[in-house]
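1. with the sequence up front, the predicted model follows.
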Amino acid sequence: ASGAVGKPSEIHTVAHGKIGRPAMAADGEGNALLAWSQREGERWTLWMSRYTVAAGWEKGTVVRDAKHGRISDPGAAVNAGGDALIAWSESKDDAAAIWAARGSLGSGLGEPATISAAEPGSQLRGVLAALDGSGNGLVVWQRHAAGSIAVWGSYYETGVGWRTPEPVRMLERGAATSVCLSMTEEGNALAVWRDFDATDSGIDKMRSAILARRFRKASGWGDPEVIQLDTTRAGGFPSLAMNAKGFAVALWSESTGDGVALQARCYHEENWWEDGVSTVAAGVVIGSPALAMDENGDCVAVWEQYDEPWHTAYASRYSYGVGWCAPVSMRTPETGNALAPGVAAGGMGRAVAVWCQRYGEQEHVWASIHGPETGWSRAEVVQGPTVHRAENPSVVAGRTGNAIAAWCESRGDSVRIVGRQLSLMEY
């Protein structure tokens, strides 16, 4: 039956140190790449591990040693053919730069290289990576400097190299945050973010909006566009999913005065954005939306929603050409707050949601599987028996029904990364 397969696998352990939020990506078969930053004392390193359906997880290996610098915010991408890309921020002596390493799931990564020159007085955060079907790549990041947060990006062309970084969103005063990035098989891309522009209105009157900008392989970035139709509401925390053909869905939260609504808008590469916006859910408190899409354009959204007295994981499915179904609660048998759910789509109506659930000092990883005939399964703990506290779960899936969940566990000064195979198939 669908659900957890085998036992959790310990991928990597640090006896005394810290591990940053891992980034994970997978090919169409469910083979995966995991990347994370690690700190031991004053030493910062970037690590990776590969997962294959046939052999499972390999032990973690070092991609980059920052020596006396600091590594953070890795982003990872894998395409259907197994090409792989990791990008990250690296800083030293108050100057930050973006680095990247390319390769494949089969042969590993090549030598790391700098994408952007070191920038004194700035912080480069929120690094995201994407790949098209030919191995060309796109990396975007947030640049924190001089009282504003801008978005920059760089494109990699196979056989040519990295282009000079260029601004995706520049603000004199304000911030572009919560950036999302997706890329098609042909090499076109879409970025969506939460935008605060205080240039004219001032900080005290600033209201956030949801903006998007598309990237064309031949011509580069187009003009930014506000995709949130009701700009009298404060928009926040967008999520984005796109299939290989260029159909995409953007999801974000909007303040309604008496609560929060989750809004969604569809994008077609040839026709840009649809005219209307769909309300996926509404509640007193809604947060942390996440989105995943399969190759047919069917989509699943998950989020946390306050159901007194707890935050509960919720989900809704979008059928291409039909629309959104009613939200479904994934309430667990145990009490506690469901935090920051993640989701992956496995094709043919199959999907998996994972989240951390906290009760007191305990925090464990839970999952629910969606099948086309059965709907969402009863949520179950996938972490295994442990006294470690879990955080930062993520999940990826292949179109064949193979899925992988990974998360961090900590106890005292010890921290480790754990993964577990999940099956989306129904027997």
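-> Yes, it's here. Numbering: from 1, shown residues only.
2. make it CA atoms for all contacts and neighbour counts henceforth
-> Noted.
3. for the chain, what spans make up the helices?
-> Remark: no helices are assigned in the chain by DSSP state H.
4. low-confidence regions, it specifically.
-> 1-5, 199-207, 387, 426-427 (pLDDT under 70).
5. count the neighbours of E166 for me.
-> By other Cα atoms under 10 Å, the residues close to E166 number 16.
6. ok, now which ones touch it?
-> With contact set as Cα atoms under 8 Å, 6 or more residues apart in numbering, E166 has these partners: 152-154.
7. with A118 instead?
-> 91, 95-98.
8. between all of the residues you listed, which two are at the greatest distance?
-> A95 and I98 (10.6 Å; Cα to Cα).
9. which of those two has more neighbours?
-> Set A95 next to I98 and count neighbours by other Cα under 10 Å: I98 wins out with 27 against 16.
10. which of the residues in stretch 32-50 are buried?
-> 32-39, 44-50 (16 or more other Cα atoms under 10 Å).
11. partner residues bridging G323?
-> S319 (DSSP bridges).
12. burial measure for it, as a count.
-> 12.
13. and for G69?
-> By other Cα under 10 Å, the residues close to G69 number 17.
14. wait, it touches E90, no?
-> Yes. Using Cα atoms under 8 Å as the test, G69 is close enough to E90 to be in contact (6.8 Å).
15. about what we covered before: out of the contacts of E166, which end up buried?
-> 152-154.
16. now distance to G419 too, for these, in JSON lines please.
-> Formatted as JSON lines, these follow (distance: Cα to Cα, whole Å):
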{"residue": "W152", "distance to G419": "32"}
{"residue": "G153", "distance to G419": "31"}
{"residue": "S154", "distance to G419": "31"}
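17. which of those residues fall in strands?
-> Counting by DSSP state E, the buried ones among the contacts of E166 place 152-154 in strands.
18. which of those lies closest to E254?
-> E254 has its nearest neighbour among those in W152, at 25.6 Å by Cα to Cα.
19. the spatially closest residue to N136 that is not a sequence neighbour bridge partners, please.
-> Nearest non-adjacent residue to N136, counting by Cα to Cα, 6 or more residues apart in numbering: E157, 5.0 Å away. In this entry, E157 is beta-bridged to G161, by DSSP bridges.
20. any idea how far W44 lies from S91?
-> 10 Å (Cα to Cα, to the nearest Å).
21. find the residues that touch each one of those two.
-> Any residue near both W44 and S91 by Cα under 8 Å, 6+ apart counts here, and that gives 69-71.
22. of those, which is the nearest to Q421?
-> I71 (28.5 Å).
23. so the closest one touches A35, yeah?
-> No. Using Cα under 8 Å as the test, I71 is too far from A35 to be in contact (11.7 Å).
24. sorry, back to before: between the buried residues of stretch 32-50, which is closest to T114?
-> So of the buried residues of stretch 32-50, ranked by how close each gets to T114 (Cα to Cα), first place is L46, at 14.2 Å.
25. quick check: neighbours shared by I71 and A35?
-> L46.
26. who's in contact with the closest residue to S89 other than its chain neighbours?
-> With sequence-adjacent residues excluded and distances taken as Cα to Cα, 6+ apart, S89 is closest to I98, at 4.7 Å. Counting by Cα under 8 Å, 6+ apart, I98 makes contact with 87-90, 114-118, 124.
27. the same query, at a cut-off of 7 Å, please.
-> Neighbouring residues of I98 by Cα atoms under 7 Å, 6 or more residues apart in numbering: 88-90, 114-116.
28. JSON lines for those, including neighbour count?
-> Converted to JSON lines, the contacts of I98 look like this (neighbours: other Cα atoms under 10 Å):
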{"residue": "W88", "neighbour count": "29"}
{"residue": "S89", "neighbour count": "25"}
{"residue": "E90", "neighbour count": "26"}
{"residue": "T114", "neighbour count": "16"}
{"residue": "I115", "neighbour count": "24"}
{"residue": "S116", "neighbour count": "20"}
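29. kindly reformat the residues you listed as TSV containing distance to A130.
-> Shown next, in TSV, are the contacts of I98 (distance: Cα to Cα, whole Å):
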residue	distance to A130
W88	13
S89	16
E90	19
T114	17
I115	14
S116	17
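30. out of everything not next to it in sequence, what's closest to P372?
-> Per Cα to Cα, 6+ apart, closest to P372 is G349, 4.9 Å.
31. just checking, that neighbour touches T374?
-> No. Counting by Cα atoms under 7 Å, G349 does not reach T374; the two are 10.3 Å apart.
32. more crowded one of these two?
-> G349 (21 against 10).
33. look up phi and psi at that one.
-> phi 80, psi 0 (degrees, to the nearest 10).
34. now swap in L171 and tell me
-> Phi and psi for L171, reported as degrees, to the nearest 10, are phi -130, psi 130.
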